[in-house]
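>>> the following block contains a protein sequence and its predicted model.
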Amino acid sequence: MTNVDSDTSAENPAAPRRSLIKSIGPAIIVAAVVLGPGSILTSSKVGSSFGLIGFPVIVVSAILMIAMVALSARLGAVYENSLCDELASRLGRPVAVFVGLTLFTLVAFFQSSNNIALIGGVEPLLGDEPLSFSARAGTLVIANLLIIACLYLVRNLYGSIEGFMKLLLGLMTVAFLVNFAVVMSKPQSFEPLAPSGPLDWIPLLGMIGTTFSVGGAFYQAYLVKEKGWGLADVRAGVVDSVVSISMLGIVTAIVLLTSWRVFYGNPDPVTLASVGDVARQLEPSFGASGKIIFCLGIFAGALSSFLVNALIGGTVMSDSIGKGARLQDKWPVHLTVVALLVGMFVAIAALQNKESVVPLITLAQACTVIGLPALAAALIYLGTRPELTGPRMVPKPILVLAMIGFCVSCVLMFMLAQKVYTKLNPTEVPTTAFINHLDPGSTSIVSKVN
């Protein structure tokens, strides 16, 4: 494929441009799933609490994410088998099952946050009054059934998902960019004050975790194989990673800068507990139409995370037990449906009685404590095998940045371990304090795979 593009480029100047466009695909799906409600809420909170300090954090997180996604894309292109099959052949099937089960557990339980975020993006459009429980539950059931039907009925599933994610990411970019332009064109309605008192560092850590998503990067290798890329396409994988993840960083930065402009230093502090709160709090600056545009961006983010988040868990779990890793196989789709249903039922239980899902969310976070570094370590391990020589060798800059990313995931692991410990000790931290983190796009650094 590469040779054909090279030959035609000499005759047709437009060929390189078409080649660049064709190079963008798998990583755009990763960017779309990472740029979900969690990223929107955490970047809004960081902008309102830390101001411009959060901007370089986004830049560093995006660079680390580009490296990890590029590493995963290269592994998907140069290895004949899938990642879990490669791990199983080298370290044994139990290691592969551990990786798949950890990621599937995390995805299935935190799929609930994507369900709740879907409601959070719709409710502000329907008025200030929240929907009834039956209306919320019915909306989630219909949404999940429609997605399940698409999984089984759509023939070219990968092609459809890639096109849909490009559309949703474009919608998010336009929506948040329009709102940012509106905010910057208006004078501030207050004299900014220097924030006083201790700052809550959890949102800042959350923004790192939702931008630098090891789970999303791990799935990139599977998407590359769905695309049909091989050794000749490793350069396209780098282009795809840089362009797509840069889009993720740009949109996240736009949301942060919008929140900084509207909320930072406000003498009347606001509470941003959910993505719906963000939309409502921004309405005075945007107007009614601006709130609708912002909610469309939230809805697009929730919808993109909704499907691909479940696909990540279903595909990797199926691969880990040796049942196939392609979307045309039965088991990845079956297990994706299981992840969707678990997330839907947990979300409905949370909407009715938040305390009923505390043990499940705690279990998911406990899996994440060891899961994130394990995924990063697996990618680095496969990227440093001695048989990867010549054109199959992973460039050192990518490996160095991936190792730095592994260290970052270990720091996040330590922070999560502390949070899980305090949640398992209700005498120290009230249950209600934990429940507040179950809102859509939670500030928890593992509110989703991304």
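All right, it came through fine. Residues are numbered from 1 along each chain as shown.

>>> could I get the contacting residues of Leu335?
104, 313-315, 317-318 (C-beta atoms under 8 Å, 6 or more residues apart in numbering). The C-beta positions use only the backbone N, C-alpha and C, and glycine is treated the same way.

>>> now secondary structure too, for those residues, in a markdown table please.
Converted to a markdown table, the contacts of Leu335 look like this (DSSP: H, G, I helix; E, B strand; the rest coil):
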| residue | secondary structure |
| --- | --- |
| Phe104 | helix |
| Gly313 | helix |
| Gly314 | helix |
| Thr315 | helix |
| Met317 | helix |
| Ser318 | helix |
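
>>> which of the residues you listed sits closest to Gly92?
Met317 (17.1 Å; C-beta to C-beta).

>>> who's in contact with that closest one?
100-101, 103-104, 335.

>>> among the residues you listed, who's most crowded?
Leu103 (29 neighbours; other C-beta atoms under 10 Å).

>>> hmm, back to that, Ala350: which of the contacts of Leu335 is nearest?
Gly313 (18.6 Å).

>>> give me the nearest residue to the closest one, chain neighbours excluded.
Val107 (3.0 Å; C-beta to C-beta, 6 or more residues apart in numbering).

>>> isn't that neighbour right next to Gly215, touching?
Yes - using C-beta atoms under 8 Å, Val107 is in contact with Gly215, at 7.5 Å.

>>> in the stretch 1-150 of the chain, which spans are helices?
2-11, 15-23, 26-34, 37-50, 54-78, 83-91, 93-122, 133-153 (DSSP state H, counting those that start in this stretch).

>>> helix, strand, or coil at Gly265?
At Gly265 the chain is in coil, as set by three-state DSSP.

>>> what's the local residue count around it?
15.

>>> tell me the spacing between it and Lys186.
Distance, Gly265 to Lys186, using C-beta to C-beta, to the nearest Å: 16 Å.

>>> again with Leu106
Separation of Leu106 from Lys186 (C-beta to C-beta): 41 Å.

>>> tell me where the stretch 1-150 of the chain is predicted with low confidence.
Low-confidence segments of the stretch 1-150 of the chain (pLDDT under 70): 1-23, 121, 125, 127-128.

>>> columns distance to Thr139 on top of the contacts of Leu335, output as a markdown table?
As requested, the contacts of Leu335 are exported to a markdown table (distance: C-beta to C-beta, whole Å):
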| residue | distance to Thr139 |
| --- | --- |
| Phe104 | 25 |
| Gly313 | 22 |
| Gly314 | 23 |
| Thr315 | 26 |
| Met317 | 27 |
| Ser318 | 29 |
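
>>> list just the nearest of those to Tyr222.
For the contacts of Leu335, the minimum distance to Tyr222 (C-beta to C-beta) is 5.5 Å, reached by Thr315.

>>> was I right about the closest one contacting Leu327?
Yes - assessed by C-beta under 8 Å, Thr315 is found in contact with Leu327 at 7.3 Å.

>>> okay, those two: which has more neighbours?
Thr315 (31 against 23).

>>> quick one, what contacts the more buried one?
Contacts of Thr315 (C-beta under 8 Å, 6+ apart): 219, 222, 325, 327, 332, 335-336.

>>> restricted to helices, list those.
Those of these mapping onto helices are 219, 222, 332, 335-336, per DSSP state H.

>>> ok, and the most crowded of those?
Tyr219 (30 neighbours).

>>> do you know how far it is from Glu129?
Distance from Tyr219 to Glu129, by C-beta to C-beta: 38 Å.

>>> ditto for Val154
Counting by C-beta to C-beta, the gap from Val154 to Glu129 is 36 Å.

>>> quick one: which of those two has more around it?
Val154 (13 against 7).

>>> for that one, give me its contacts.
So Val154 contacts Ser160 (C-beta under 8 Å, 6+ apart).

>>> 10 Å - rerun?
Contacts for Val154 (C-beta atoms under 10 Å, 6 or more residues apart in numbering) come out as 160-161, 327.

>>> looking at it now. What's its pLDDT?
For Val154, the pLDDT comes out at 84.

>>> what's the burial count for the residue nearest to Gly313?
31.

>>> against Phe164, how distant is the nearest residue to Ala143 once chain neighbours are set aside?
Spatial nearest neighbour of Ala143, chain neighbours left out: Leu118 (6.2 Å); criterion: C-beta to C-beta, 6+ apart. According to C-beta to C-beta, Leu118 stands 15 Å off from Phe164.

>>> of the two, who's got more company?
A count of neighbours by other C-beta under 10 Å puts Leu118 above the other of Leu118 and Phe164, at 25 against 17.

>>> out of the contacts of Thr315, who's nearest Phe306?
Thr336 (11.5 Å).

>>> list the contacts of the closest one.
Here Thr336 is in contact with 104, 107-108, 147-148, 151, 307-315, 317-318, 327 (C-beta under 10 Å, 6+ apart).

>>> now the helices for the stretch 351-450 of the chain?
358-383, 396-423, 431-435.

>>> picking that back up, format the helices of the stretch 1-150 of the chain as TSV; extra columns: distance to Val174.
Putting these into TSV (distance: least, C-beta to C-beta, whole Å) gives the following:
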stretch	distance to Val174
helix 2-11	30
helix 15-23	19
helix 26-34	14
helix 37-50	15
helix 54-78	19
helix 83-91	34
helix 93-122	16
helix 133-153	23
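
>>> which one of the ones you listed lies nearest to Leu272?
Using C-beta to C-beta as the measure, helix 37-50 is the one of those that comes nearest Leu272, at 5.4 Å.

>>> re the thing from before, quick one, which of the helices of the stretch 1-150 of the chain is nearest to Leu171?
Nearest of the helices of the stretch 1-150 of the chain to Leu171, taken as C-beta to C-beta: helix 26-34 at 10.2 Å.
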